[in-house]
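[1] Please find the sequence and the predicted model below.
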Amino acid sequence: SSGINAEWPLRPGEIERKKRDDEARREEMELDYLAPFLARIGDPAQMNADLAQQLKDDCLEDLKQRLIDMANLIQGRFEKETQQLQWKQKWYQDNQTTMTKEEEEEYVSYCSEAMFKIHILEERLNRHKELAPQKYVALETRLRSDNRLAEYFN
């Protein structure tokens with residue numbers, strides 16, 4: 001291959017149009033939640049009930065896994081922060097009699113910041129647990145009403 005792009009040279013105005021088209025295609029892909037699942041099965045020209053069910057199941061399973069992964073990530077961070085705070089509190093108890101005023105202030109500052117982080121992580125986790133089922137139901141509803149699948153579910 002000569003390394004020359006067949007689309008070049010573009011005339012003035014075509015570059016901007018191509019950029020707009022590429023951007024529109026990218027946005028469409030981001031909005032089209034089925035696109036990666038259709039691509040995985042070779043973008044079939046014809047849809048049928050089995051295929052529609054498989055796409056719906058795969059799409060929902062993917063969302064479910066992403067929601068679980070996010071919950072686990074937040075939970076892991078929460079546990080790590082809590083563990084570090086507990087370790088620091090034990091360290092403080094073991095060393096408080098020999099600490100300088102500055103070390104004590106650093107400890108108090110650390111605890112305050114750690115408690116804040118833990119509180120935020122706890123709120124994030126609770127919010128995630130509250131919204132996850134809603135996100136799942138919303139996607140299921142979108143899939144059932146998607147033009148490509150609707151006739152197989154209604």
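    The structure has been received and is ready for your questions.

[2] From here on, just use CA atoms for contacts and neighbour counts.
    Noted.

[3] Report the next helix or strand after the lowest-mean-pLDDT helix or strand in the chain in sequence order.
    Lowest by mean pLDDT, DSSP states H and E among the helices and strands of the chain is helix 14-31, with a mean of 66. Proceeding N to C from helix 14-31, the next assigned helix or strand is helix 35-40, under DSSP states H and E.

[4] Averaged pLDDT, that next one. What do you get?
    Regarding helix 35-40, the rounded mean pLDDT is 89.

[5] Next, the buried residues of that helix.
    The neighbour-count check on helix 35-40 (16 or more other C-alpha atoms under 10 Å) flags Phe37 as buried.

[6] pull the CA atoms of that helix into CSV?
    The C-alpha coordinates for helix 35-40 follow below in CSV (Å, rounded to 0.1, in the frame of the first residue of the first chain):
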residue,chain,number,x,y,z
ALA,A,35,-24.4,-0.9,18.2
PRO,A,36,-21.7,-2.9,20.0
PHE,A,37,-23.9,-5.9,20.5
LEU,A,38,-25.1,-5.8,16.8
ALA,A,39,-21.4,-5.5,15.7
ARG,A,40,-20.5,-8.5,17.9
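
[7] now for the next helix-or-strand element following it, which elements pack on it?
    Next helix or strand after helix 35-40 toward the C-terminus (DSSP H and E): helix 49-95. If you count contacts as 3 or more C-alpha pairs under 8 Å, 6 or more residues apart in numbering; DSSP states H and E, helix 49-95 packs onto helix 35-40, helix 101-145.
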